[in-house]
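Chemist: fold the stuff below for me.
(2 chains)
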2 protein chains.
Amino acid sequence: MAAPANSTTFSGDVWAEFRLADARDVPHLHSLIHQMVELEGITDIFPATEELLASTLFPSPARPPFTSFTALILDLSPFPVVQDSSSTIASRRLDLSASPLADPEAAAFASPRGGGRVTAGFVICFPNYSTFLSKPGLYVEDIFVRAAWRRRGLGRMMLSAVAGRAAELGMGRVEWCVLDWNKNAIDFYEAMGAVVLPQWLVCRLSGAALDKYKGNQEEAVDGKAAE
Amino acid sequence: MAAPANSTTFSGDVWAEFRLADARDVPHLHSLIHQMVELEGITDIFPATEELLASTLFPSPARPPFTSFTALILDLSPFPVVQDSSSTIASRRLDLSASPLADPEAAAFASPRGGGRVTAGFVICFPNYSTFLSKPGLYVEDIFVRAAWRRRGLGRMMLSAVAGRAAELGMGRVEWCVLDWNKNAIDFYEAMGAVVLPQWLVCRLSGAALDKYKGNQEEAVDGKAAE
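Modeler: A predicted model of the protein is given here:
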(Lines give C-alpha, C1' and ligand atoms only; values in the text may rest on other atoms or scores of the structure.)
Protein backbone atom coordinates (compact mmCIF):
# COMPACT_ATOMS: atom_id res chain seq x y z
CA MET A 1 0.00 0.00 0.00
CA ALA A 2 3.06 2.28 0.16
CA ALA A 3 2.73 5.36 -2.06
CA PRO A 4 4.73 8.63 -1.78
CA ALA A 5 7.86 8.19 0.30
CA ASN A 6 7.11 8.05 4.04
CA SER A 7 3.37 8.03 3.37
CA THR A 8 1.01 5.07 3.62
CA THR A 9 -2.03 5.04 1.38
CA PHE A 10 -5.22 3.39 2.56
CA SER A 11 -7.79 2.38 -0.05
CA GLY A 12 -10.74 0.03 -0.35
CA ASP A 13 -12.13 -1.08 3.00
CA VAL A 14 -10.54 -0.11 6.30
CA TRP A 15 -11.99 -0.68 9.75
CA ALA A 16 -12.16 1.88 12.54
CA GLU A 17 -12.07 0.67 16.13
CA PHE A 18 -12.82 3.08 18.98
CA ARG A 19 -11.55 1.40 22.12
CA LEU A 20 -10.45 1.98 25.68
CA ALA A 21 -6.81 3.06 25.91
CA ASP A 22 -4.26 1.44 28.21
CA ALA A 23 -0.73 2.27 29.29
CA ARG A 24 0.71 1.02 25.98
CA ASP A 25 -1.04 3.92 24.25
CA VAL A 26 0.73 6.62 26.29
CA PRO A 27 3.44 7.52 23.69
CA HIS A 28 0.86 8.05 20.92
CA LEU A 29 -1.49 9.87 23.30
CA HIS A 30 1.33 12.24 24.17
CA SER A 31 2.05 12.91 20.47
CA LEU A 32 -1.65 13.39 19.66
CA ILE A 33 -2.07 15.85 22.55
CA HIS A 34 0.91 17.80 21.24
CA GLN A 35 -0.71 18.01 17.79
CA MET A 36 -3.97 19.18 19.37
CA VAL A 37 -2.26 21.86 21.43
CA GLU A 38 -0.50 23.15 18.30
CA LEU A 39 -3.88 23.37 16.60
CA GLU A 40 -5.15 25.54 19.47
CA GLY A 41 -2.21 27.89 18.86
CA ILE A 42 -0.27 27.12 22.04
CA THR A 43 3.27 26.09 21.19
CA ASP A 44 5.56 27.81 23.66
CA ILE A 45 4.76 25.58 26.61
CA PHE A 46 3.75 21.93 26.71
CA PRO A 47 3.75 20.59 30.25
CA ALA A 48 2.32 17.14 29.42
CA THR A 49 4.79 14.27 29.80
CA GLU A 50 4.40 10.55 29.20
CA GLU A 51 5.07 9.95 32.90
CA LEU A 52 2.27 12.32 33.99
CA LEU A 53 -0.17 10.86 31.47
CA ALA A 54 0.60 7.32 32.59
CA SER A 55 0.21 8.04 36.30
CA THR A 56 -2.95 10.16 36.00
CA LEU A 57 -4.81 8.23 33.27
CA PHE A 58 -3.74 4.65 34.04
CA PRO A 59 -3.37 4.32 37.80
CA SER A 60 -3.12 0.95 39.46
CA PRO A 61 -5.55 -0.57 40.30
CA ALA A 62 -7.48 0.39 37.17
CA ARG A 63 -10.83 2.12 37.60
CA PRO A 64 -13.92 1.04 35.64
CA PRO A 65 -14.26 3.12 32.45
CA PHE A 66 -16.42 6.28 32.64
CA THR A 67 -16.25 6.35 36.47
CA SER A 68 -13.13 8.54 36.45
CA PHE A 69 -10.73 9.96 33.84
CA THR A 70 -11.16 7.76 30.76
CA ALA A 71 -8.92 7.76 27.68
CA LEU A 72 -10.11 6.20 24.43
CA ILE A 73 -8.17 5.54 21.23
CA LEU A 74 -9.22 5.46 17.59
CA ASP A 75 -7.35 2.81 15.59
CA LEU A 76 -7.73 2.14 11.86
CA SER A 77 -7.05 -1.39 10.65
CA PRO A 78 -6.70 -3.00 7.21
CA PHE A 79 -8.63 -5.96 8.64
CA PRO A 80 -12.13 -6.25 10.13
CA VAL A 81 -12.30 -5.45 13.86
CA VAL A 82 -12.54 -8.42 16.19
CA GLN A 83 -14.76 -6.96 18.89
CA ASP A 84 -13.26 -7.16 22.36
CA SER A 85 -16.08 -6.71 24.85
CA SER A 86 -13.64 -5.43 27.47
CA SER A 87 -12.29 -2.59 25.32
CA THR A 88 -14.18 -2.02 22.04
CA ILE A 89 -16.60 0.91 22.34
CA ALA A 90 -17.59 1.19 18.67
CA SER A 91 -16.42 -0.05 15.31
CA ARG A 92 -17.12 0.84 11.71
CA ARG A 93 -16.15 -0.02 8.18
CA LEU A 94 -14.93 2.81 5.97
CA ASP A 95 -15.11 2.41 2.22
CA LEU A 96 -12.20 4.40 0.82
CA SER A 97 -12.42 2.98 -2.72
CA ALA A 98 -13.71 6.26 -4.11
CA SER A 99 -11.17 8.41 -2.27
CA PRO A 100 -7.96 6.73 -1.08
CA LEU A 101 -6.32 8.27 1.94
CA ALA A 102 -2.60 9.05 2.31
CA ASP A 103 -1.36 9.07 5.90
CA PRO A 104 2.16 10.55 6.07
CA GLU A 105 2.33 9.73 9.78
CA ALA A 106 1.18 6.10 9.58
CA ALA A 107 4.60 4.66 10.48
CA ALA A 108 5.05 6.99 13.46
CA PHE A 109 1.55 6.15 14.69
CA ALA A 110 1.66 2.36 14.29
CA SER A 111 -0.80 1.12 16.94
CA PRO A 112 0.63 -0.80 19.90
CA ARG A 113 -2.12 -3.34 19.13
CA GLY A 114 -0.16 -4.33 15.96
CA GLY A 115 -1.73 -6.04 12.94
CA GLY A 116 -1.07 -3.09 10.64
CA ARG A 117 -3.31 -0.82 12.73
CA VAL A 118 -2.58 2.91 12.95
CA THR A 119 -3.70 5.20 15.74
CA ALA A 120 -5.62 8.17 14.34
CA GLY A 121 -7.30 9.94 17.26
CA PHE A 122 -8.33 9.98 20.88
CA VAL A 123 -10.97 11.10 23.37
CA ILE A 124 -10.51 11.95 27.03
CA CYS A 125 -13.65 12.19 29.17
CA PHE A 126 -14.70 11.96 32.82
CA PRO A 127 -17.90 12.08 34.87
CA ASN A 128 -19.27 15.46 35.88
CA TYR A 129 -22.28 16.17 38.10
CA SER A 130 -25.43 18.16 37.51
CA THR A 131 -26.88 19.38 40.77
CA PHE A 132 -30.02 20.44 38.92
CA LEU A 133 -30.61 16.86 37.71
CA SER A 134 -28.93 15.32 40.79
CA LYS A 135 -27.24 12.98 38.36
CA PRO A 136 -23.81 12.28 36.94
CA GLY A 137 -23.07 13.29 33.39
CA LEU A 138 -20.07 12.91 31.13
CA TYR A 139 -17.66 15.71 30.26
CA VAL A 140 -15.65 15.32 27.06
CA GLU A 141 -12.36 17.09 27.65
CA ASP A 142 -10.88 16.31 24.21
CA ILE A 143 -11.87 14.80 20.91
CA PHE A 144 -9.14 14.76 18.30
CA VAL A 145 -8.51 13.13 14.90
CA ARG A 146 -5.18 13.40 13.06
CA ALA A 147 -5.31 15.61 9.95
CA ALA A 148 -5.09 12.75 7.41
CA TRP A 149 -8.19 11.05 8.84
CA ARG A 150 -10.50 14.06 9.17
CA ARG A 151 -13.77 14.51 7.29
CA ARG A 152 -14.45 10.77 7.22
CA GLY A 153 -17.10 10.69 9.95
CA LEU A 154 -14.68 9.51 12.64
CA GLY A 155 -15.25 12.44 15.02
CA ARG A 156 -18.97 11.81 14.78
CA MET A 157 -18.39 8.09 15.38
CA MET A 158 -16.42 8.81 18.57
CA LEU A 159 -18.78 11.44 19.99
CA SER A 160 -21.84 9.29 19.14
CA ALA A 161 -20.28 6.30 20.87
CA VAL A 162 -19.40 8.29 23.98
CA ALA A 163 -22.90 9.80 24.08
CA GLY A 164 -24.42 6.34 23.64
CA ARG A 165 -22.38 4.95 26.50
CA ALA A 166 -23.33 7.89 28.74
CA ALA A 167 -27.03 7.43 27.94
CA GLU A 168 -26.81 3.70 28.65
CA LEU A 169 -25.16 4.44 32.01
CA GLY A 170 -28.16 6.64 32.92
CA MET A 171 -26.18 9.85 32.80
CA GLY A 172 -28.18 13.05 32.37
CA ARG A 173 -25.96 15.10 30.08
CA VAL A 174 -22.89 14.99 27.88
CA GLU A 175 -21.03 18.29 27.85
CA TRP A 176 -17.88 19.75 26.33
CA CYS A 177 -16.44 23.12 25.37
CA VAL A 178 -15.72 24.60 21.95
CA LEU A 179 -13.74 27.70 20.97
CA ASP A 180 -16.11 30.44 19.83
CA TRP A 181 -14.26 30.99 16.51
CA ASN A 182 -14.55 27.33 15.51
CA LYS A 183 -17.73 27.63 13.45
CA ASN A 184 -17.22 24.27 11.71
CA ALA A 185 -17.08 22.51 15.05
CA ILE A 186 -20.11 24.40 16.39
CA ASP A 187 -22.15 23.51 13.29
CA PHE A 188 -21.08 19.87 13.62
CA TYR A 189 -22.05 19.72 17.30
CA GLU A 190 -25.41 21.39 16.70
CA ALA A 191 -26.12 18.95 13.88
CA MET A 192 -25.53 16.18 16.42
CA GLY A 193 -28.26 17.62 18.66
CA ALA A 194 -26.14 19.64 21.09
CA VAL A 195 -27.11 23.09 22.28
CA VAL A 196 -24.48 25.80 22.77
CA LEU A 197 -24.85 27.77 26.03
CA PRO A 198 -23.21 31.15 25.41
CA GLN A 199 -24.44 32.63 28.72
CA TRP A 200 -22.02 30.53 30.78
CA LEU A 201 -18.43 31.78 31.16
CA VAL A 202 -15.62 29.50 32.31
CA CYS A 203 -13.60 30.82 35.29
CA ARG A 204 -10.16 29.41 36.05
CA LEU A 205 -7.77 29.66 38.98
CA SER A 206 -4.34 28.20 38.18
CA GLY A 207 -0.61 28.59 38.60
CA ALA A 208 0.55 31.10 41.19
CA ALA A 209 -3.01 32.42 41.68
CA LEU A 210 -4.04 28.93 42.80
CA ASP A 211 -0.91 28.17 44.81
CA LYS A 212 -1.46 31.17 47.05
CA TYR A 213 -4.47 29.34 48.56
CA LYS A 214 -2.25 26.45 49.64
CA GLY A 215 -2.16 26.02 53.41
CA ASN A 216 -4.77 28.75 53.63
CA GLN A 217 -5.94 28.63 57.24
CA GLU A 218 -8.28 31.55 57.09
CA GLU A 219 -8.77 32.94 60.53
CA ALA A 220 -10.13 36.31 59.55
CA VAL A 221 -12.61 37.80 61.97
CA ASP A 222 -14.90 39.80 59.81
CA GLY A 223 -18.65 40.09 59.77
CA LYS A 224 -18.91 42.52 56.91
CA ALA A 225 -16.61 41.34 54.11
CA ALA A 226 -18.14 41.15 50.66
CA GLU A 227 -19.10 37.61 49.86
CA MET B 1 -31.79 35.26 70.58
CA ALA B 2 -35.28 35.13 69.08
CA ALA B 3 -36.31 38.42 67.48
CA PRO B 4 -39.13 38.96 64.92
CA ALA B 5 -41.51 36.00 64.88
CA ASN B 6 -40.02 33.00 63.04
CA SER B 7 -36.65 34.73 62.69
CA THR B 8 -33.50 34.03 64.66
CA THR B 9 -31.07 36.88 65.23
CA PHE B 10 -27.36 36.17 65.46
CA SER B 11 -25.14 38.76 67.14
CA GLY B 12 -21.73 38.93 68.75
CA ASP B 13 -19.47 36.04 67.79
CA VAL B 14 -20.63 33.16 65.62
CA TRP B 15 -18.46 30.44 64.14
CA ALA B 16 -18.57 29.20 60.56
CA GLU B 17 -17.59 25.62 59.82
CA PHE B 18 -17.10 24.44 56.24
CA ARG B 19 -17.20 20.66 56.35
CA LEU B 20 -17.73 17.53 54.31
CA ALA B 21 -21.41 16.66 53.97
CA ASP B 22 -22.87 13.25 54.68
CA ALA B 23 -26.22 11.58 54.11
CA ARG B 24 -27.79 13.40 57.07
CA ASP B 25 -27.39 16.66 55.12
CA VAL B 26 -29.49 15.51 52.16
CA PRO B 27 -32.77 17.24 53.15
CA HIS B 28 -31.05 20.64 53.59
CA LEU B 29 -28.97 20.11 50.44
CA HIS B 30 -32.19 19.50 48.52
CA SER B 31 -33.75 22.70 49.89
CA LEU B 32 -30.60 24.75 49.18
CA ILE B 33 -30.44 23.45 45.61
CA HIS B 34 -34.08 24.47 45.16
CA GLN B 35 -33.26 28.01 46.37
CA MET B 36 -30.29 28.16 43.99
CA VAL B 37 -32.34 27.01 41.01
CA GLU B 38 -34.96 29.67 41.78
CA LEU B 39 -32.18 32.27 41.80
CA GLU B 40 -31.15 31.15 38.32
CA GLY B 41 -34.70 31.75 37.15
CA ILE B 42 -35.69 28.12 36.62
CA THR B 43 -38.83 27.32 38.54
CA ASP B 44 -41.05 25.23 36.29
CA ILE B 45 -39.06 22.01 36.60
CA PHE B 46 -36.99 20.70 39.48
CA PRO B 47 -35.91 17.12 38.88
CA ALA B 48 -33.66 16.80 41.97
CA THR B 49 -35.00 14.49 44.67
CA GLU B 50 -33.59 13.55 48.05
CA GLU B 51 -33.33 9.94 46.87
CA LEU B 52 -31.26 10.88 43.80
CA LEU B 53 -29.01 13.16 45.84
CA ALA B 54 -28.41 10.48 48.44
CA SER B 55 -27.58 7.75 45.93
CA THR B 56 -25.34 9.89 43.69
CA LEU B 57 -23.52 11.96 46.33
CA PHE B 58 -23.27 9.47 49.19
CA PRO B 59 -22.80 6.01 47.71
CA SER B 60 -21.68 3.08 49.80
CA PRO B 61 -18.78 2.49 50.23
CA ALA B 62 -17.86 6.16 50.59
CA ARG B 63 -15.19 7.59 48.30
CA PRO B 64 -12.36 9.75 49.60
CA PRO B 65 -13.28 13.46 49.33
CA PHE B 66 -12.22 15.29 46.15
CA THR B 67 -11.68 12.01 44.25
CA SER B 68 -15.26 11.98 42.97
CA PHE B 69 -18.43 14.04 43.49
CA THR B 70 -17.93 15.87 46.78
CA ALA B 71 -20.58 17.80 48.71
CA LEU B 72 -19.60 20.28 51.42
CA ILE B 73 -21.80 22.12 53.89
CA LEU B 74 -21.48 25.51 55.56
CA ASP B 75 -22.77 25.50 59.14
CA LEU B 76 -22.90 28.50 61.50
CA SER B 77 -22.66 27.84 65.21
CA PRO B 78 -23.16 29.97 68.32
CA PHE B 79 -20.16 28.10 69.81
CA PRO B 80 -16.53 27.77 68.69
CA VAL B 81 -15.93 25.01 66.14
CA VAL B 82 -14.34 21.83 67.47
CA GLN B 83 -12.21 20.87 64.48
CA ASP B 84 -12.90 17.36 63.21
CA SER B 85 -9.96 16.31 61.08
CA SER B 86 -12.13 13.88 59.16
CA SER B 87 -14.67 16.47 58.05
CA THR B 88 -13.70 20.10 58.83
CA ILE B 89 -12.29 21.83 55.74
CA ALA B 90 -12.15 25.38 57.13
CA SER B 91 -13.49 27.34 60.06
CA ARG B 92 -13.78 31.00 60.93
CA ARG B 93 -15.08 33.33 63.60
CA LEU B 94 -17.50 36.03 62.50
CA ASP B 95 -17.92 39.12 64.65
CA LEU B 96 -21.51 40.24 64.17
CA SER B 97 -21.52 42.72 67.09
CA ALA B 98 -21.58 45.68 64.72
CA SER B 99 -24.27 44.25 62.46
CA PRO B 100 -26.51 41.53 63.90
CA LEU B 101 -27.96 39.10 61.40
CA ALA B 102 -31.60 37.95 61.24
CA ASP B 103 -32.10 34.53 59.69
CA PRO B 104 -35.80 33.92 59.00
CA GLU B 105 -35.02 30.35 57.91
CA ALA B 106 -32.87 29.35 60.89
CA ALA B 107 -35.42 26.92 62.29
CA ALA B 108 -36.02 25.23 58.93
CA PHE B 109 -32.27 24.91 58.39
CA ALA B 110 -31.28 23.61 61.84
CA SER B 111 -28.11 21.60 61.14
CA PRO B 112 -28.29 17.82 61.58
CA ARG B 113 -25.09 18.27 63.63
CA GLY B 114 -27.19 19.92 66.37
CA GLY B 115 -25.77 22.25 69.01
CA GLY B 116 -27.70 25.27 67.77
CA ARG B 117 -25.95 25.15 64.39
CA VAL B 118 -27.73 26.32 61.24
CA THR B 119 -26.89 25.25 57.71
CA ALA B 120 -26.29 28.29 55.51
CA GLY B 121 -24.73 27.08 52.27
CA PHE B 122 -23.09 24.34 50.27
CA VAL B 123 -20.52 23.52 47.60
CA ILE B 124 -20.52 20.62 45.17
CA CYS B 125 -17.28 19.88 43.33
CA PHE B 126 -15.55 17.00 41.55
CA PRO B 127 -12.21 16.30 39.84
CA ASN B 128 -11.81 17.29 36.22
CA TYR B 129 -8.81 16.64 33.96
CA SER B 130 -6.59 18.96 31.97
CA THR B 131 -5.02 17.15 29.05
CA PHE B 132 -2.76 20.15 28.48
CA LEU B 133 -1.33 19.85 32.02
CA SER B 134 -1.84 16.06 32.11
CA LYS B 135 -3.14 16.60 35.61
CA PRO B 136 -6.38 16.45 37.56
CA GLY B 137 -8.05 19.68 38.57
CA LEU B 138 -11.15 20.50 40.57
CA TYR B 139 -14.42 21.68 39.06
CA VAL B 140 -16.77 23.61 41.33
CA GLU B 141 -20.29 22.84 40.15
CA ASP B 142 -22.06 24.99 42.77
CA ILE B 143 -21.28 27.45 45.49
CA PHE B 144 -24.32 28.82 47.31
CA VAL B 145 -25.01 30.82 50.49
CA ARG B 146 -28.56 31.45 51.78
CA ALA B 147 -29.69 35.08 51.41
CA ALA B 148 -29.48 35.97 55.13
CA TRP B 149 -25.79 34.99 55.29
CA ARG B 150 -24.51 36.70 52.14
CA ARG B 151 -21.95 39.51 52.08
CA ARG B 152 -20.18 38.19 55.19
CA GLY B 153 -17.16 36.67 53.42
CA LEU B 154 -18.56 33.13 53.54
CA GLY B 155 -18.49 32.53 49.78
CA ARG B 156 -14.87 33.63 49.76
CA MET B 157 -14.14 31.35 52.72
CA MET B 158 -15.62 28.34 50.91
CA LEU B 159 -13.96 28.98 47.53
CA SER B 160 -10.61 29.73 49.20
CA ALA B 161 -10.81 26.51 51.19
CA VAL B 162 -11.67 24.44 48.13
CA ALA B 163 -8.85 26.07 46.14
CA GLY B 164 -6.45 25.46 49.02
CA ARG B 165 -7.38 21.80 49.19
CA ALA B 166 -6.99 21.44 45.39
CA ALA B 167 -3.55 23.08 45.50
CA GLU B 168 -2.46 20.82 48.37
CA LEU B 169 -3.61 17.77 46.39
CA GLY B 170 -1.33 18.85 43.52
CA MET B 171 -4.20 19.68 41.20
CA GLY B 172 -3.39 22.03 38.33
CA ARG B 173 -6.54 24.15 38.12
CA VAL B 174 -9.77 25.03 39.87
CA GLU B 175 -12.54 25.87 37.41
CA TRP B 176 -16.21 26.80 37.52
CA CYS B 177 -18.79 28.62 35.39
CA VAL B 178 -20.57 31.92 35.96
CA LEU B 179 -23.56 33.45 34.17
CA ASP B 180 -22.41 36.32 31.95
CA TRP B 181 -24.96 38.78 33.44
CA ASN B 182 -23.71 38.18 37.00
CA LYS B 183 -21.23 41.06 37.17
CA ASN B 184 -20.97 40.96 40.98
CA ALA B 185 -19.92 37.33 40.86
CA ILE B 186 -17.44 37.94 38.02
CA ASP B 187 -15.85 40.85 39.93
CA PHE B 188 -15.64 38.68 43.06
CA TYR B 189 -14.01 35.77 41.19
CA GLU B 190 -11.50 38.04 39.45
CA ALA B 191 -10.60 39.63 42.79
CA MET B 192 -9.83 36.11 44.01
CA GLY B 193 -7.31 35.67 41.17
CA ALA B 194 -9.46 33.79 38.65
CA VAL B 195 -9.41 34.55 34.94
CA VAL B 196 -12.61 34.45 32.89
CA LEU B 197 -12.27 32.62 29.55
CA PRO B 198 -14.99 34.05 27.29
CA GLN B 199 -13.68 32.26 24.17
CA TRP B 200 -14.89 28.86 25.40
CA LEU B 201 -18.54 27.95 24.82
CA VAL B 202 -20.24 25.13 26.71
CA CYS B 203 -21.98 22.52 24.52
CA ARG B 204 -24.61 20.22 25.96
CA LEU B 205 -26.36 17.09 24.75
CA SER B 206 -29.24 16.08 27.03
CA GLY B 207 -32.77 14.73 27.18
CA ALA B 208 -34.15 13.23 23.99
CA ALA B 209 -31.15 14.48 21.97
CA LEU B 210 -28.89 12.37 24.20
CA ASP B 211 -31.20 9.36 24.44
CA LYS B 212 -31.21 8.89 20.68
CA TYR B 213 -27.56 7.77 20.93
CA LYS B 214 -28.52 4.94 23.28
CA GLY B 215 -27.76 1.54 21.82
CA ASN B 216 -26.13 3.32 18.90
CA GLN B 217 -24.39 0.55 16.98
CA GLU B 218 -23.14 2.65 14.14
CA GLU B 219 -22.47 0.45 11.14
CA ALA B 220 -22.42 3.15 8.53
CA VAL B 221 -20.12 2.51 5.62
CA ASP B 222 -18.98 5.89 4.52
CA GLY B 223 -15.57 7.21 3.62
CA LYS B 224 -16.65 10.76 2.94
CA ALA B 225 -18.94 11.90 5.74
CA ALA B 226 -18.15 15.24 7.32
CA GLU B 227 -16.31 14.73 10.57
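
Chemist: show me what the spatially most central residue of chain A is bridged to.
Modeler: Residue closest to the average C-alpha location in chain A (C-alpha atoms, centre = their mean): A:Val123, at 1.7 Å. Bridge pairing for A:Val123 (DSSP bridges) gives the partners A:Leu72, A:Ile143.

Chemist: ok, it - contacts?
Modeler: Shown in contact with A:Val123 (C-beta atoms under 8 Å, 6 or more residues apart in numbering or on different chains): A:18, A:71-72, A:74, A:140, A:142-144, A:158-159, A:162. Where C-beta positions appear, they are placed from N, C-alpha and C, glycine not excepted.

Chemist: and the two most separated of these?
Modeler: A:Ala71 and A:Leu159 (15.2 Å; C-beta to C-beta).

Chemist: which SS class is A:Gly114?
Modeler: With DSSP: H, G, I helix; E, B strand; the rest coil as the basis, A:Gly114 sits in coil.

Chemist: where do the helices sit along chain A?
Modeler: For chain A, applying DSSP state H gives helices covering A:26-39, A:50-57, A:154-168, A:183-191, A:207-211.

Chemist: and the ones you listed as CSV, adding distance to chain B, mean neighbour count and mean pLDDT?
Modeler: Converted to CSV, the helices of chain A look like this (distance: least, C-beta to the nearest C-beta, whole Å; neighbours: other C-beta atoms under 10 Å in any protein chain shown; pLDDT from 0 to 100):
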stretch, distance to chain B, mean neighbour count, mean pLDDT
helix A:26-39, 5, 18, 95
helix A:50-57, 4, 17, 97
helix A:154-168, 4, 23, 97
helix A:183-191, 5, 14, 96
helix A:207-211, 3, 14, 97
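
Chemist: with distance to B:Ala209 added, can I get those in CSV?
Modeler: Formatted as CSV, the helices of chain A follow (distance: least, C-beta to C-beta, whole Å):
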stretch, distance to B:Ala209
helix A:26-39, 26
helix A:50-57, 29
helix A:154-168, 9
helix A:183-191, 10
helix A:207-211, 35
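
Chemist: and these: which comes nearest A:Ser87?
Modeler: helix A:154-168 (12.5 Å).

Chemist: low-scoring stretches of chain A, by residue?
Modeler: Low-confidence segments of chain A, defined by pLDDT under 70, span residues A:1-5, A:216-227.

Chemist: out of the contacts of A:Val123, which is nearest to B:Val37?
Modeler: A:Val140 (25.0 Å).

Chemist: in chain A, what residue spans correspond to strands?
Modeler: Assigned by DSSP state E, the strands in chain A fall at A:8-10, A:13-20, A:70-77, A:88-95, A:101-103, A:118-130, A:135-145, A:173-179, A:195-197, A:200-206.

Chemist: neighbouring strands - and their directions - for the fourth one?
Modeler: Meaning strand A:88-95. When pairing is defined by DSSP bridges, strand A:88-95 lines up against strand A:13-20 (antiparallel).

Chemist: quick one, the strand it pairs with and helix A:154-168 angle?
Modeler: Interaxial angle, strand A:13-20 versus helix A:154-168 (axes from the mean of the first three to the mean of the last three C-alpha atoms, to 10 degrees): 40 degrees.

Chemist: run the chain-centre distance for strand A:13-20.
Modeler: Mean-position distance between strand A:13-20 and its chain equals 15 Å (C-alpha atoms, centre = their mean, to the nearest Å).

Chemist: show me the contacts for A:Glu175.
Modeler: A:128, A:137-140, B:202-205.

Chemist: so which of those is the most crowded?
Modeler: Per-residue neighbour counts (other C-beta atoms under 10 Å in any protein chain shown) across the contacts of A:Glu175 peak at B:Leu205, which has 26 neighbours.

Chemist: surely it meets A:Arg173?
Modeler: Yes: using C-beta atoms under 8 Å, B:Leu205 is in contact with A:Arg173, at 6.8 Å.

Chemist: would you reformat the contacts of A:Val123 as CSV and include distance to B:Val81?
Modeler: Rendered in CSV, the data for the contacts of A:Val123 read as follows (distance: C-beta to C-beta, whole Å):
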residue, distance to B:Val81
A:Phe18, 50
A:Ala71, 42
A:Leu72, 45
A:Leu74, 52
A:Val140, 40
A:Asp142, 42
A:Ile143, 45
A:Phe144, 47
A:Met158, 49
A:Leu159, 47
A:Val162, 44
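
Chemist: so which of the residues you listed is the closest to chain B?
Modeler: Nearest to chain B among these, counting by C-beta to the nearest C-beta, is A:Asp142 at 5.1 Å.

Chemist: residues contacting that closest one?
Modeler: Listed by C-beta under 8 Å, 6+ apart, the contact set of A:Asp142 reads A:33, A:36, A:122-124, B:131.

Chemist: one more time with 7 Å, if that's ok
Modeler: A:36, A:122-124, B:131 (C-beta atoms under 7 Å, 6 or more residues apart in numbering or on different chains).

Chemist: which pair in those spans the largest distance?
Modeler: It's A:Met36 and A:Val123 that sit farthest apart of these, by C-beta to C-beta, at 11.3 Å.

Chemist: returning to that earlier point: just curious, which of the contacts of A:Glu175 is nearest to A:Arg93?
Modeler: Taking these together and measuring to A:Arg93 by C-beta to C-beta, the closest member is A:Val140, at 24.5 Å.

Chemist: how about the closest one: what's its closest non-neighbour residue?
Modeler: Counting by C-beta to C-beta, 6 or more residues apart in numbering or on different chains, A:Val140 lies nearest to A:Trp176, which is 4.0 Å off, once chain neighbours are set aside.

Chemist: please tell me I have it right and that neighbour contacts A:Gly137.
Modeler: No: in this structure, A:Trp176 is not within contact of A:Gly137 by C-beta atoms under 7 Å, at 10.7 Å.

Chemist: how close does the residue lying closest to A:Gly170 once chain neighbours are set aside get to A:Ala166?
Modeler: Leaving out its chain neighbours, the residue that sits closest to A:Gly170 by C-beta to C-beta, 6+ apart is A:Lys135, at 7.3 Å. In this view, A:Lys135 and A:Ala166 are 11 Å apart by C-beta to C-beta, to the nearest Å.

Chemist: A:Leu57 too?
Modeler: Taking C-beta to C-beta as the measure, A:Leu57 falls 19 Å from A:Ala166.

Chemist: hang on, A:Ser160 packs against B:Lys214?
Modeler: No: when contacts are counted by C-beta under 7 Å, A:Ser160 is not listed as touching B:Lys214 (10.6 Å).

Chemist: got a markdown table for the strands of chain A, with distance to B:Thr9 too?
Modeler: Converted to a markdown table, these look like this (distance: least, C-beta to C-beta, whole Å):
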| stretch | distance to B:Thr9 |
| --- | --- |
| strand A:8-10 | 75 |
| strand A:13-20 | 58 |
| strand A:70-77 | 51 |
| strand A:88-95 | 58 |
| strand A:101-103 | 73 |
| strand A:118-130 | 36 |
| strand A:135-145 | 39 |
| strand A:173-179 | 42 |
| strand A:195-197 | 41 |
| strand A:200-206 | 35 |
